[in-house]
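> Predicted model and sequence follow; I will ask about them next.
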Amino acid sequence: MADELEQLPVWVRRIDGSQVPFEADRICQSLYAAAESLGTASAFLIRELSDVVLHFLAQADYPAIPSTAQIAEHVEKIVREVGHPALARRYAELRQRPAEESAKRRITLAWPGSADELARDCQRVYALGAIFSRDIAAAVAERLLHLEGLEAPAKLASVIVEASRLMELPWWPALADWRQCAGRQWIVDSPESLCTARMHPALTPHLCERLLSLPMLGQREVELHLNVAESSEEADSPLFLGGTDESARQERVNFVDGLLERWKVLSATQAPALAWHLNERSFDDDVERRHLHEMIRQRLQGRAVHFVFDRPHSPVALTNGLDRKGSGILMEIGLDLPTLAARPDIQRDGAAFLKKLPSLARMTVSAARQKRQHLRGLPDASPLMRPFLIERAAVRVTPMGLDDAVERITGASLGRSPLSLDFAVRVLQTLRSTLHDAGRPLSLDLRLDFALQATPDQLPLAAKLHAESAIIAFGDEHPMNVDACTELLASAWRSTPLVRMQLQRAGQMLQQGELGL
């Protein structure tokens, strides 16, 4: 469908003669409004119908810049000819009506247990009504989409903070800026890089304390990325820290040692999560191997530690769905695959499921576009209006319940049947290609973040599914000790495409900052 979308008009002419960009989403929203007035609205069916309409619109002949009336006439004709005459008539009727001012709506909320819960519920209702169109809100109600961050509608989900601002005096104004930018998570990239020969040794403990106090002061999840490989796109540039000046490397090692000693004495609920980056030196170099073993021991004790793989000629990965090319996460969207698989028009038909899957994926693109448009309208004084902060933010799309959906369609889980595994691969390929093709014309960076949940024996599944993150659960049959975890991480680094891994005992609850699905 990507080639077809390129054939659609770029501009349209309104009745007053002005020209505006053509927005395919407006067709879906108008058809949903018509269906809603008929009492037959279904967010998914209207999205499918809109995709059919766009398919035929792309093949129609237009003048250089068609009018909105010409587009609407084509839409009405297509809807009628594909078997929805009543909807086509209602769509035409609504076109003839003058635009009505949005009426005030009365909402009813269940009585919450606290004022904070009431505030969150009100923010969610506001976000669904003010940011997202009615068809997207209906898809949320139908549990096809799960939109995270509705409690903070005027913020990004996550943001990469400038660690250097913690060295400024005063440094606390940075907290206010970061609070306004991100509603859930702050990501601190390589704070040890601030340690140079010019840095006064007395500043090290102050920087450590400021970093470790961020979760409490900011009331946000905080993830510190340590031991990040110093990579470059240049082929002749040194890749790993070992290729840099030895004195600078020692400064960083000393800083990390001091930070870890302070981090270990904090309670697990107050401490920031650590993302420990691994490279080819991590398993051979004495200092890095010592640090790796300490990270594994802390994880075995239940601390929030993740492992991230840095590989040559690859972008440095940060949190799920984000690398250094981005500024943060615009929003997080979950695709409920079991809900789609349970629709009566699929009936355990794998071909029907794959055919309908792109329509569901394109709904996420519409939701992300609407959230970005809302943030663009913030006041100029907002910290989010810094150049390219919103534009460079990625969208994290998570396929939820893949194994359940695959088992519903094929009768077996993806880890137990080659047929089921092949079907799961096709599902993920369809989602990746649809998100890429639909997001490219809108300059939206949509990242499919599928986290494989598996046992150590199932690690090869990660390569077959092209998974980027994994939650490896150790059961009673697998020893979970430092040596076993080190061997597993080394194997994953060398033989899988994984960029992020979480280790846990089977049935263990996830803590703050850990991989979520």
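Cool, the structure landed.
> Please name the residues that touch Phe283.
289, 292, 486, 489-490, 493 (CB atoms under 8 Å, 6 or more residues apart in numbering). Using the backbone N, CA and C atoms, a C-beta is placed for each residue, glycine as well.
> middle-most residue in the protein, spatially?
Closest residue to the average C-alpha location of the chain: Arg396 at 1.3 Å, with CA atoms, centre = their mean.
> From what I see, it and Gly326 are in contact.
No: Arg396 is not in contact with Gly326 according to CB atoms under 8 Å; the separation is 10.1 Å.
> In TSV, list the contacts of Phe283 along with pLDDT.
Formatted as TSV, the contacts of Phe283 follow (pLDDT from 0 to 100):
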residue	pLDDT
Arg289	94
Leu292	95
Thr486	95
Leu489	95
Ala490	94
Trp493	92
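> just the helices in the stretch 351-500 of the chain please.
If DSSP state H, counting those that start in this stretch is used as the criterion, the helices of the stretch 351-500 of the chain fall at 402-410, 418-439, 460-465, 482-495.
> right, and the ones you listed - which one's nearest Lys155?
Among those, the nearest to Lys155 by CB to CB is helix 418-439 (21.1 Å).
> and the closest one with helix 402-410, angle?
Interaxial angle, helix 418-439 versus helix 402-410 (axes from the mean of the first three to the mean of the last three CA atoms, to 10 degrees): 120 degrees.
> First-to-last residue distance for stretch 55-74?
End-to-end span of stretch 55-74 (CA to CA, to the nearest Å): 12 Å.
> Buried residues in that stretch, which are they?
Neighbour counts over stretch 55-74 (16 or more other CB atoms under 10 Å) mark 56-58, 66, 70-72, 74 as buried.
> same thing with stretch 260-269?
Neighbour counts over stretch 260-269 (16+ other CB under 10 Å) mark 260, 263 as buried.
> End to end on it, go ahead and measure it.
Counting by CA to CA, you get 16 Å between the two ends of stretch 260-269.
> Now do that stretch: everything it contacts.
If you take CB under 8 Å, 6+ apart as the criterion, stretch 260-269 is touched by 205, 208-209, 212, 271-272, 274, 291, 294, 298, 302-304, 511-512.
> mind running it again at 7 Å?
Around stretch 260-269, the neighbours that count as contacts under CB atoms under 7 Å, 6 or more residues apart in numbering are 208, 212, 271, 294, 298, 302-304, 511-512.
> before we move on, back to that, which members of the contacts of Phe283 are classed as buried?
Neighbour counting over those (16+ other CB under 10 Å) leaves 292, 486, 489-490, 493 as the buried ones.
> Helix or strand next in line after the helix or strand bottoming out on mean pLDDT in the chain, which one?
Every helix and strand of the chain was ranked by mean pLDDT, DSSP states H and E. The lowest is helix 2-5, at a mean of 62. Note on helix 2-5: by DSSP states H and E, the next helix or strand toward the C-terminus is strand 11-13.
> Give me the helices and strands touching that following strand, please.
In terms of contacts (3 or more CB pairs under 7 Å, 6 or more residues apart in numbering; DSSP states H and E), strand 11-13 is packed against strand 19-21.
> Quick check: next helix or strand after the strand it packs on?
Downstream of strand 19-21, the next assigned helix or strand under DSSP H and E is helix 24-38.
> Check which residues of that next one are buried.
24-25, 27-36.
> From Asp483, how far off is Val305?
Using CB to CB, to the nearest Å, Val305 is found at 17 Å from Asp483.
> if you count what's nearby, which of the two comes out ahead?
Between Val305 and Asp483, Val305 has the larger neighbour count (other CB atoms under 10 Å), namely 23 against 10.
> Tell me how far that one lies from Glu142.
According to CB to CB, Val305 and Glu142 sit 37 Å apart.
> Kindly report the same for Pro479.
Separation of Pro479 from Glu142 (CB to CB) stands at 44 Å.
> Which one's more surrounded, the two?
The neighbour comparison of Pro479 against Glu142 (other CB under 10 Å) goes to Glu142, with 15 against 10.
> So that one sits against Ala43, correct?
Yes: in this structure, Glu142 is within contact of Ala43 by CB atoms under 7 Å, at 5.8 Å.
> Pairing partners for Leu226 in the sheet, please.
The partner list for Leu226 in beta bridges (DSSP bridges) reads Trp276.
> give me every residue that touches it.
So Leu226 contacts 192, 256, 274, 276-277 (CB under 7 Å, 6+ apart).
> Show the pLDDT at it.
Note on Leu226: pLDDT of 95.
> follow-up on the earlier one: just the pLDDT at the residue nearest to the centre of the chain, thanks.
Note for Arg396: predicted pLDDT of 96.
> In this structure it contacts Ile329, no?
Yes: using CB under 7 Å, Arg396 is in contact with Ile329, at 5.3 Å.
> so what's in contact with the two at the same time?
Common contacts of Arg396 and Ile329 (CB under 7 Å, 6+ apart): Gly321.
> And the contacts of Leu226, which of them are buried?
Buried subset of the contacts of Leu226 (neighbour count, 16+ other CB under 10 Å): 192, 256, 274, 276-277.
> TSV for those residues, including pLDDT and distance to Val20?
Formatted as TSV, these follow (pLDDT from 0 to 100; distance: CB to CB, whole Å):
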residue	pLDDT	distance to Val20
Glu192	87	49
Val256	90	53
Leu274	96	48
Trp276	96	49
His277	96	46
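> Under the pLDDT cut-off, which ranges of the stretch 151-300 of the chain? List them.
Counting by pLDDT under 70, the stretch 151-300 of the chain contains low-confidence ranges at 196-203, 230-245.
> can you give me the helices in it?
Under the criterion DSSP H, counting those that start in this stretch, the stretch 151-300 of the chain contains helices at 173-181, 203-212, 214-218, 246-264, 286-300.
> what packs against the first one?
This means helix 173-181. Contacts defined by 3+ CB pairs under 7 Å, 6+ apart place helix 173-181 against strand 156-161, helix 214-218.
> With respect to burial, which of these scores highest?
strand 156-161 (a mean of 27; mean count of other CB atoms under 10 Å).
> now the angle from that one to helix 173-181?
Using the same axes, to 10 degrees: strand 156-161 against helix 173-181 is 150 degrees.
> List the contacts of strand 156-161.
148-149, 178, 181-189, 318-319, 327-332, 393.
> Just those: which are in strands?
182-189, 328-332 (DSSP state E).
> Let me have those in a markdown table, extended by neighbour count and distance to Glu223.
Putting the ones in strands among the contacts of strand 156-161 into a markdown table (neighbours: other CB atoms under 10 Å; distance: CB to CB, whole Å) gives the following:
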| residue | neighbour count | distance to Glu223 |
| --- | --- | --- |
| Ala182 | 27 | 11 |
| Gly183 | 21 | 15 |
| Arg184 | 18 | 11 |
| Gln185 | 24 | 7 |
| Trp186 | 23 | 7 |
| Ile187 | 24 | 5 |
| Val188 | 20 | 7 |
| Asp189 | 18 | 9 |
| Gly328 | 25 | 12 |
| Ile329 | 29 | 12 |
| Leu330 | 26 | 17 |
| Met331 | 28 | 18 |
| Glu332 | 22 | 15 |
